Structure formats: C-alpha cells, structure tokens
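Trainee: quick one, structure for this:
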Amino acid sequence: MVAGLACPPARAAHAAGAKVAITACAGYGPEVARALAQSFDLLGGLGALVKGRTVTVKINLTGSDFHAAFGRPAGESYMTHPATASALAGALFAAGAQRVRFVESTNLRQPLEQTLVAAGWDVRALQALGRVELEDTRNLGRGKEYATLKVPGGGQLFENFELNQVYADTDVFVSLCKLKLHETTGVTLTMKNVFGATPNSLYGDEAPSEGATQGRNRMHETTAPFDPPGAKEAFNEKRDGGNRIPRIVTDLCGARPIHLGIIDGISTLNHGEGIWNNSRPQSIVTPGVLICGLNPVATDAVGTAVMGFANPRAPRGTAPFGPGDNHLVLAERAGLGTADLSQIEVLGVPLDKARCKQFVP
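Mentor: Residues are numbered from 1 along each chain as shown. This is a model prediction of the structure:
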C-alpha cells in the first residue's frame with residue numbers, strides 16, 4: 001500500500017538566499033501576470049528552477065464551500081484566485097516548465113476539475129496554456145500507492161508523512177496561497193498551506209478510508225489518541241492545537257520542501273482563514289501586493305510583516321501568534337530558513353510602503 005521513497009529532489013530552497021519580492025498589484029486582471037513577471041525577474045528568473053521540469057502547485061481552496069464574502073468572490077477573500085493560478089501557469093510555461101500540476105485535498109468525491117469549475121475557474125483556458133494536470137490529493141487519487149516522505153532529522157511530531165504520489169513525483173513544489181490570519185497558527189501563508197497536503201483518507205476524521213471526505217480535526221487537537229501514519233509518541237502528548245499545528249506544519253515543510261512561495265495579498269479576508277471564523281467582525285482588506293520568494297520561511301516572515309506585525313519571530317501570546325506557537329520560529333530552528341527580517345533582502349516595493357495596518361489578530 002505504501003511506497004518508501006527518497007526525499008523529494010531539489011532541497012536547495014532551504015539554503016537559497018533570503019530574498020523576497022513584493023510587487024504592487026491592484027486587481028485580478030492582466031496586472032496579475034505583469035506583477036508575477038516582475039516578481040520573478042527580481043528573484044533572478046524562473047528558468048533555472050523550472051525549465052524542462054514538472055512543477056506541482058499546491059493551491060488553497062479551504063474545503064469546497066465557495067460562498068462569496070462581503071460581496072466578493074471566494075477568490076478575492078479566502079481562497080486561491082483563478083487569475084493568480086492562470087498567471088502562474090503562464091509564467092511557468094514561458095520559463096520552460098514541461099508540466100504543471102495544480103493540487104489540493106478537498107472534501108468532495110469528484111475530480112478536482114469539477115470542483116474548480118464550481119469555484120469559478122475556467123479550467124479549459126487553464127489547460128490551454130500547456131500541459132496542465134489537476135489532482136485531488138484527499139486520497140490515492142490516480143495513484144496506486146502513497147509516497148512516504150521522511151522528515152529530516154526525525155521531526156518534532158512526525159518522522160514521515162504518507163502523501164499522494166504527486167507530492168513526490170515532481171521536480172519543483174510551489175505553494176500558492178492567500179495573505180490571511182489563522183485562528184490557531186496566527187498566520188496561514190505558504191507553509192501553513194502545505195497542511196492541506198495530508199490526505200483525508202489517512203489523516204482525516206474518517207481515516208483510514210479511501211472514501212473519507214471529512215476534515216482533519218483530529219490532527220488539530222483531540223482528547224482521544226489518534227495515530228496517523230508517521231506520527232511519533234510526542235504527537236499524542238501534545239493534544240493542544242496551538243502546540244500541534246505549528247509543529248506539524250514545520251515537519252511537513254521539511255518533508256515536502258517548498259521551492260517557490262507566492263502569497264496573494266491583492267485582496268483578502270481580515271480576521272481568520274475563512275468566513276466560518278466569525279468570532280470577531282470580518283472585512284475585506286486590499287493590501288494590493290503579491291509576495292514571492294524562494295524560501296518559505298523568509299517569504300512568510302515578509303508576509304507577516306506586510307500584515308502590519310512588526311516582529312514575525314514573536315513568541316506565543318504576542319500578535320499575531322496569540323493562539324499558538326510561532327511556526328516561523330520552529331521552522332527557523334529546524335533549518336528551513338530565516339524569519340529574521342534583518343537577514344532578508346526585500347526587493348521591489350519597500351516593506352514600509354507595503355505594510356497594511358487593517359489586519360486584526
């Protein structure tokens with residue numbers, strides 16, 4: 001059932017220079033492609049990274065409820081916008097990528113193509129750009145066995161993860177996400193987006209079952225023991241979500257390295273990762289930026305600063321990391337990159353000009 005595979009290739013993202021590009025982008029029209037092109041130019045281009053290779057892009061649909069928020073489509077508030085996906089695919093093919101896969105774990109028993117159409121994506125136009133593949137990774141999908149991806153150094157809560165084969169059968173891994181706060185991890189950016197790579201079939205509330213669609217509440221926190229694949233004893237010792245999720249995210253990003261992180265801060269939701277987190281008044285904010293980087297820790301640190309938080313390395317209890325331990329610091333300690341703004345070269349729009357003070361933790 002499970003294949004033991006070597007760690008994913010090209011771990012160079014962890015050792016790459018801490019450069020992050022911020023570009024202005026006011027809307028979801030042609031300006032998205034222009035802003036992405038500018039970002040990639042600032043980072044030195046994509047050719048060396050993607051030419052002749054398979055690129056897998058983890059998007060963020062946060063389930064399958066595509067309701068508008070405050071009169072804005074889901075893509076302008078809390079989910080990956082189809083315009084950013086199309087612009088990214090175009091840029092990847094222009095840089096020589098051979099194949100581009102968009103992947104996400106949903107809670108629906110249907111092909112990802114169908115889900116994306118329901119979310120307002122023009123799938124035919126996306127696939128017309130080149131060899132585009134779509135895969136729902138909530139279970140085996142089109143694969144015959146799961147890939148076992150090991151966490152370097154043995155991990156904090158997980159020694160390894162069993163994921164859909166597409167996460168191993170790729171040369172380059174991209175995390176395409178929104179600029180958002182999170183009720184447990186404080187922020188949900190390129191690294192937290194990878195939490196959704198864990199298949200519902202093995203890590204969800206109905207696991208183990210190939211037909212599972214329910215979410216991963218047992219991964220967040222539980223009063224009962226839960227033994228998902230690859231978990232260490234420490235997993236059940238830390239049953240509080242504020243302890244668990246930041247460490248799971250760190251372990252996942254060690255096992256499945258992110259080579260390119262893209263944060264959509266054009267338009268997004270203020271307070272929480274979705275409209276269901278309505279314990280505080282929510283609103284739409286428009287920072288009007290795209291944030292791109294080759295190191296996920298540095299990219300997320302800059303994203304956190306753009307949201308108006310002075311110290312991306314702040315301890316638990318300090319905004320925005322009030323609810324849980326700071327996964328940026330945990331990732332830094334694990335050797336995945338730096339969250340120290342003084343060690344990160346910000347290119348394009350200066351950070352002081354990009355800061356948005358409308359976010360409320």
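
Trainee: after the helix or strand of the chain with the lowest mean pLDDT, next one along is what?
Mentor: For the chain, scoring each helix and strand by mean pLDDT, DSSP states H and E identifies strand 2-4 as the least confident one, at a mean of 35. On the C-terminal side of strand 2-4, the closest following helix or strand by DSSP states H and E is strand 19-24.

Trainee: what inclination does whatever helix or strand comes next after that following strand have with respect to strand 19-24?
Mentor: Going down the chain from strand 19-24, the next helix or strand is helix 31-42, by DSSP H and E. When axes from the mean of the first three to the mean of the last three C-alpha atoms, to 10 degrees is applied, the directions of helix 31-42 and strand 19-24 differ by 150 degrees.

Trainee: residues contacting residue 29?
Mentor: Residues in contact with residue 29 (C-beta atoms under 8 Å, 6 or more residues apart in numbering) are residue 83. Glycine gets a C-beta too; all of them are placed from N, C-alpha and C.

Trainee: residues contacting the lengthiest helix in the chain, please?
Mentor: For the chain, the helix with the greatest residue count under DSSP state H is helix 241-255. The contact list for helix 241-255, computed with C-beta under 8 Å, 6+ apart, reads 7-8, 149-153, 155-158, 160-161, 184-185, 191-192, 194-195, 197-198, 219-221, 235, 238, 296, 316, 323-327, 330-331, 334, 336.

Trainee: can you flag which of those residues belong to helices?
Mentor: 191-192, 219-220, 235, 296, 327, 330-331.

Trainee: on that earlier part again, so how do I select the buried members of the contacts of helix 241-255 in PyMOL?
Mentor: Restricted to buried positions by 16 or more other C-beta atoms under 10 Å, the PyMOL selection for the contacts of helix 241-255 reads:
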select buried, resi 7+8+149+150+151+155+156+157+158+160+161+184+185+191+192+194+195+197+198+219+220+221+235+238+296+323+324+325+326+327+330+331+334+336
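
Trainee: thinking again about what came up before, got the contact list for whichever helix or strand comes after the longest helix of the chain?
Mentor: Downstream of helix 241-255, the next assigned helix or strand under DSSP H and E is strand 260-265. Residues outside strand 260-265 that contact it (C-beta under 8 Å, 6+ apart) are 13, 36, 39, 46, 49, 80-81, 84, 88, 172-179, 189-191, 287-296, 299-300, 303, 306, 356.

Trainee: just the C-alpha atoms of strand 260-265, please, in PDB.
Mentor: Only the C-alpha atoms of strand 260-265 are listed here, as PDB (Å, rounded to 0.1, in the frame of the first residue of the first chain):
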ATOM      1  CA  LEU A 260       8.700  28.800  -4.600                       C
ATOM      2  CA  GLY A 261       6.100  30.600  -2.400                       C
ATOM      3  CA  ILE A 262       3.600  33.000  -3.700                       C
ATOM      4  CA  ILE A 263       1.300  35.000  -1.400                       C
ATOM      5  CA  ASP A 264      -1.800  36.700  -2.900                       C
ATOM      6  CA  GLY A 265      -2.200  39.900  -1.000                       C
END
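
Trainee: so what strands line up beside that strand?
Mentor: strand 172-178 (parallel), strand 289-293 (antiparallel) (DSSP bridges).

Trainee: give me the contact list for the first one.
Mentor: If I follow you right, that is strand 172-178. Residues contacting strand 172-178 (C-beta under 8 Å, 6+ apart): 8, 10, 49-50, 53-60, 78-80, 84-85, 88, 97, 167, 188-194, 256-265, 268-269, 296.

Trainee: ok, of these, which come out buried?
Mentor: 8, 49-50, 53-60, 78-80, 84-85, 88, 97, 167, 188-194, 256-265, 268-269, 296.

Trainee: what about residue 317, neighbour count?
Mentor: 12 (other C-beta atoms under 10 Å).

Trainee: separation between residue 21 and residue 32?
Mentor: 14 Å (C-beta to C-beta, to the nearest Å).

Trainee: tell me which of the ones in helices among the contacts of helix 241-255 is nearest to residue 132?
Mentor: Nearest to residue 132 among those is residue 296, at 23.5 Å by C-beta to C-beta.

Trainee: for the ones in helices among the contacts of helix 241-255, name the two members farthest from one another.
Mentor: 235 and 296 (22.4 Å).

Trainee: which residues touch the closest residue to residue 219 other than its chain neighbours?
Mentor: Computed as C-beta to C-beta, 6 or more residues apart in numbering, the closest residue to residue 219 that is not its neighbour in sequence is residue 203, at 5.5 Å. Counting by C-beta under 8 Å, 6+ apart, residue 203 touches 216, 218-219, 228-229.
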